[in-house]
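# Return a 3D structure for these sequence lines:
(one chain, ligands or ions: 2)
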Amino acid sequence: MTTLAESKKKSIELLNKAIADELYAVHQYMYFHFHCDDQGYDLLAGLFRRTAIEEMMHIELLAERILFLKGEVEMKASEETKKVNDVKAMLKMAVKLEEESAHSYNLWANECSKNADSVSKSLFEQLVQDEERHFDQFDVEMDNLKKFGDNYLALQSIERSKNIGAGGPPQA
Ligand SMILES: [Fe+2]
Ligand SMILES: [Fe+2]
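Ligands and ions are numbered 1, 2, ... in the order given. The predicted structure is shown next:
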């Protein structure tokens, strides 16, 4: 049987691993946001920005739990930001990131459960729901891009021009 101290140590380790993955996702999605915005793809620019903000809120929840367990919050991204500018490659990366996060959090929820830390377990389960929703949102956009090809991107640019022409700001 694991002791209380061992159980806390393991949870803190898993929560910090999650923070590292979330930080990487925030950096990568903001990078995607800047480039989609620059290329005039407002729908995707907005989706990446909103998702990055949600991942940042995940970091907050994870950090609060670490501090409650009297651990230290390690703010290190798990990976360097990749310089990917092609929309199809961006969506492919985002879908994979979300799928992997959901999988990791499912495994870590089980580990916390085995270590008798039900609050960290519930937190990971809550995050799985968000990551699966993110996965679905990126997957839908990937399908649209496959179905409509360049027209999909052209429509987003036209939409921006229409908004600007009507005197409104670009949608983000
Ligand atoms: Fe997340
Ligand atoms: Fe996510």
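# drop to CA atoms for contacts and neighbour counts, all remaining ones
Will do.
# Can you tell me how far the nearest residue to Ala102 once chain neighbours are set aside is from Ala52?
Once flanking residues are discounted, Ala102 sits nearest to Val128: 4.8 Å by Cα to Cα, 6 or more residues apart in numbering. Distance from Val128 to Ala52, counting by Cα to Cα, to the nearest Å: 16 Å.
# higher neighbour count, these two?
Just comparing Val128 and Ala52: by other Cα atoms under 10 Å the higher neighbour count belongs to Ala52, 24 against 21.
# For the more buried one, give its distance to Gly40.
19 Å.
# which residues of this structure score low on pLDDT?
1, 169-172 (pLDDT under 70).
# Now do the strands in it.
For the chain, no strands are identified by DSSP state E.
# Quick one: list the elements packing against the biggest helix by length in it.
With DSSP state H setting the assignment, residue counts place helix 4-38 as the longest helix in the chain. Identification of packing neighbours for helix 4-38 by 3 or more Cα pairs under 8 Å, 6 or more residues apart in numbering; DSSP states H and E yields helix 42-68, helix 87-114.
# mind putting those in a markdown table, distance to Ser7 included?
Output for these, formatted as a markdown table (distance: least, Cα to Cα, whole Å):
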| stretch | distance to Ser7 |
| --- | --- |
| helix 42-68 | 13 |
| helix 87-114 | 8 |
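# Which stretch among those approaches Gly167 most closely?
helix 42-68 (15.8 Å; Cα to Cα).
# how big is the angle separating the closest one from helix 4-38?
160 degrees (axes from the mean of the first three to the mean of the last three Cα atoms, to 10 degrees).
# Next, the buried residues of helix 42-68.
42-52, 54-56, 58-59, 62-63, 65-66 (16 or more other Cα atoms under 10 Å).
# what does stretch 116-126 give?
Here stretch 116-126 shows Ala116, Asp117, Ser120, Lys121, Leu123, Phe124, Glu125 as buried, counting by 16+ other Cα under 10 Å.
# Quick one: residues in contact with stretch 99-107.
Identification of contacts with stretch 99-107 by Cα atoms under 8 Å, 6 or more residues apart in numbering yields Ala18, Asp21, Phe124, Glu125, Leu127, Val128, Gln129, Glu131, Glu132, Phe135.
# Please write out the alpha-carbon positions of it in PDB.
Output of stretch 99-107 as PDB, limited to C-alpha atoms (Å, rounded to 0.1, in the frame of the first residue of the first chain):
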ATOM      1  CA  GLU A  99      -6.200  12.900 -28.600                       C
ATOM      2  CA  GLU A 100      -3.000  12.300 -26.700                       C
ATOM      3  CA  SER A 101      -3.900  14.600 -23.800                       C
ATOM      4  CA  ALA A 102      -7.300  12.800 -23.400                       C
ATOM      5  CA  HIS A 103      -5.500   9.500 -23.300                       C
ATOM      6  CA  SER A 104      -2.900  10.600 -20.800                       C
ATOM      7  CA  TYR A 105      -5.400  12.200 -18.500                       C
ATOM      8  CA  ASN A 106      -7.500   9.000 -18.600                       C
ATOM      9  CA  LEU A 107      -4.400   7.000 -17.500                       C
END
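# Fine, thanks again, bye for now.
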